[in-house]
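Engineer: Got a sequence here, can you build the structure:
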Amino acid sequence: MRIGILGGTFDPIHLGHLRLAEEVGDDLRLESIYLIPASHPPHKEKRSVSSFAHRFAMTELAACESPLFKASDMEGRREGISYSIDTLREFHRMFEGLQLYFIMGLDAFLEIDTWREYRQLFHYAHFVVIQRPGLPSEEIEPYLLSLEVGYRKTGEKGSFEIPGGHTVIYRKATLMEISSTDVRRRVANGRSIRFLVPEAVRSYIMDKGLYSDDGSTR
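Structural biologist: Presented below is the predicted three-dimensional model:
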């Protein structure tokens with residue numbers, strides 16, 4: 001069985017996140033994809049972030065959009081900063097013997113050396129690295145070389161095998177010009193966010209008054 005993991009601040013989760021997850025799940029034949037809002041993301045800007053309760057509630061609503069998706073409050077149940085290494089270890093315990101696929105953008109992957117225990121991350125999961133505008137897949141190999149984790153080419157462009165049996169897999173996906181920042185800004189300016197987020201998420205944002213004053217959150 002193959003399990004996908006897609007984490008993020010999800011403030012709010014939007015259709016770009018969901019379309020990416022759906023395509024990866026279909027391409028790699030994943031049994032399910034867990035959508036995991038970060039409790040206290042270590043790499044985000046120092047802006048105010050909506051409460052975990054709000055972000056998880058929106059993620060739960062978004063997960064109803066596909067039978068592939070499951071929302072997890074795993075990081076919200078832990079104290080302190082959300083580190084991916086802790087999440088992967090917990091998933092490894094929960095799904096022992098199953099294949100884990102950690103999904104992330106190429107831009108984030110190229111900064112993975114700033115993550116806690118980054119070399120250990122590759123012991124727990126395959127990494128599905130999604131294209132980003134202006135970043136060619138050729139960036140991956142020299143970066144892997146700099147990480148000193150060891151790798152060999154698999155024969156598929158942009159994909160590499162890491163010692164221990166896990167792989168770094170490059171994938172293209174439909175690039176939707178949607179960002180959480182833009183969604184928040186639109187709400188703050190009184191503009192429509194229909195068809196940028198799931199309708200249930202849009203209703204939740206309106207009902208709770210999120211992002212309503214200059215893009216700040218509650």
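Engineer: Am I right that residue 212 is in contact with residue 187?
Structural biologist: Yes - under the criterion of C-beta atoms under 8 Å, residue 212 makes contact with residue 187 at 6.3 Å. Quick note: C-beta positions are derived from backbone N, CA and C, even for glycine.
Engineer: These two: who's more crowded?
Structural biologist: residue 187 (23 against 16; other C-beta atoms under 10 Å).
Engineer: Surely that one is within a helix?
Structural biologist: Yes - counting by DSSP: H, G, I helix; E, B strand; the rest coil, residue 187 is part of a helix.
Engineer: shouldn't it be in contact with residue 196?
Structural biologist: No - with contact defined as C-beta under 8 Å, residue 187 does not count as touching residue 196 (10.1 Å).
Engineer: Tell me where the protein has helices.
Structural biologist: 15-28, 52-63, 84-94, 106-109, 118-121, 140-147, 180-188, 199-208 (DSSP state H).
Engineer: need those helices in TSV with distance to residue 167, can you?
Structural biologist: Below are the helices of the chain laid out as TSV (distance: least, C-beta to C-beta, whole Å):
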stretch	distance to residue 167
helix 15-28	11
helix 52-63	26
helix 84-94	15
helix 106-109	13
helix 118-121	13
helix 140-147	11
helix 180-188	29
helix 199-208	33
